[in-house]
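**Q** Structural data only, the sequence is not supplied:
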């Protein structure tokens, strides 16, 4: 059962509070900001955490409501037990949305989080107003061989392996030393089961049969130099499957665009949300306590 606690942990960067949300088998940790408009629900990439979104969150409209949480097995949710398959991750996202109690929400998923967002959106959940997919994994694997799966499964074996992944696959022009340290820390924090679930199962899982049912606006943001999920792959293997989807290219960036070009990502998200039909019920009901207010 959720409880209110009087103490709060503030994320000064985005004026958010720390909160735990109940999911099956445990609790996931989030940063939540109350506000107006549909709530933005941020889902991070394989190897990331809620911190991946912080540069973007700082650039959103100050009145925008959002929740950015550590998915099961990652960040401050690393202790939440498995399974860590896409279905369970989508179930977790729905639990978070339900606990927020908002009338409308927008799923914002990056890479693996983008595939989780596609799976959840295909269920046509109540209150879903739109979806933003940032460098998303396509619904069905494209050219993924067993050798590639094996290589990816070792991408976060050590600090040296993570740094190689950053330089060779995940970025175009590199990251600041601070962000490089963050990526290393987040990538190494997960246990083996959570770390291996994506390359061994989620990466090759085909969810294309369901995504055609998505009937809300979908914005796909692709990095111009993304080596993992290039714009051409998303144009050929994602857009045709989701009738409501449109594609925009983020200039001068690779796969880690939320860290590399947060201005572009935040601007696209803001414009997308502004273009959604407004509803009076979008205003936050601040009288309804949800979740645990605390720090991990």
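**A** Right, received. Where do you want to start? Keep in mind it's a predicted model, so treat the numbers as computed, not measured.

**Q** quick one: what helix or strand has residue 233 in it?
**A** Element membership of residue 233, judged by DSSP states H and E, is helix 231-237.

**Q** Could I get the buried residue list for the helix or strand following that helix?
**A** On the C-terminal side of helix 231-237, the closest following helix or strand by DSSP H and E is strand 245-250. For strand 245-250, the buried set under the neighbour-count rule, 16 or more other CB atoms under 10 Å, comprises 245, 249, 250. To be clear about C-beta, it is placed using only N, CA and C from the backbone, and glycine gets the same treatment.

**Q** about what we covered before: how about the helix holding residue 233: buried residues?
**A** Residues of helix 231-237 classed as buried by neighbour count (16+ other CB under 10 Å): 231, 233, 234, 237.

**Q** Could I get those in CSV, plus columns for pLDDT and distance to residue 188?
**A** Shown next, in CSV, are the buried residues of helix 231-237 (pLDDT from 0 to 100; distance: CB to CB, whole Å):
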residue, pLDDT, distance to residue 188
231, 98, 30
233, 98, 28
234, 98, 29
237, 97, 31
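
**Q** Please list the outside residues in contact with stretch 247-257.
**A** Residues from elsewhere that reach stretch 247-257, judged by CB atoms under 8 Å, 6 or more residues apart in numbering: 45, 52, 110-111, 134-135, 166, 169-173, 175, 183, 219-229, 231, 234-235, 239, 260-261, 264-265, 268.

**Q** now swap in stretch 71-86 and tell me
**A** Contacts for stretch 71-86 (CB under 8 Å, 6+ apart): 23, 25-29, 43-44, 47-51, 69-70, 88-89, 92, 113, 115-116, 119, 186, 189-191, 193-195, 197-198, 201-202, 205, 207, 296.

**Q** Just give me the closest of the buried residues of strand 245-250 to residue 97.
**A** residue 245 (20.7 Å; CB to CB).

**Q** What's opposite that closest one in the beta bridge?
**A** Following DSSP bridges, residue 245 is listed with bridge partners residue 218.

**Q** dump the residue contacts of it.
**A** 133, 214, 218, 219, 220, 238, 239.

**Q** Out of those, who's the most crowded?
**A** When those are compared by neighbour count (other CB atoms under 10 Å), residue 133 ends up highest, at 30 neighbours.

**Q** ok, the host helix or strand of it: who's next to it in the sheet?
**A** Using DSSP H and E, residue 133 sits within strand 128-134. Sheet pairing for strand 128-134, assigned by DSSP bridges, gives strand 105-110 (parallel), strand 218-223 (parallel).

**Q** after that strand comes which helix or strand?
**A** Using DSSP H and E, the helix or strand that follows strand 128-134 in sequence is helix 146-153.

**Q** Please work out which residues outside the helix or strand following that following helix touch it.
**A** The first helix or strand that comes after helix 146-153 along the chain, using DSSP H and E, is helix 159-165. Identification of contacts with helix 159-165 by CB under 8 Å, 6+ apart yields 47, 154, 155, 156, 180, 183, 184, 187, 188.

**Q** do the same with stretch 114-127
**A** Contacts of stretch 114-127 (CB under 8 Å, 6+ apart): 43, 71, 86-87, 89-90, 93-94, 97, 102-105, 107-109, 128, 131, 133-139, 202, 205, 207, 210-211, 213-216, 218, 242.

**Q** which residues sit in contact with the closest residue to residue 216 other than its chain neighbours?
**A** Nearest residue to residue 216 in three dimensions, chain neighbours excluded: residue 130, at 5.1 Å (CB to CB, 6 or more residues apart in numbering). Residue 130 makes contact with 38, 106, 107, 216, 217, 218, 219, 272, 273, 276, according to CB under 8 Å, 6+ apart.

**Q** ok, the residue lying closest to residue 59 once chain neighbours are set aside - contacts?
**A** In space, and not counting its chain neighbours, residue 59 is closest to residue 266: 3.7 Å by CB to CB, 6+ apart. By CB under 8 Å, 6+ apart, the contact list for residue 266 reads 56, 59, 60.
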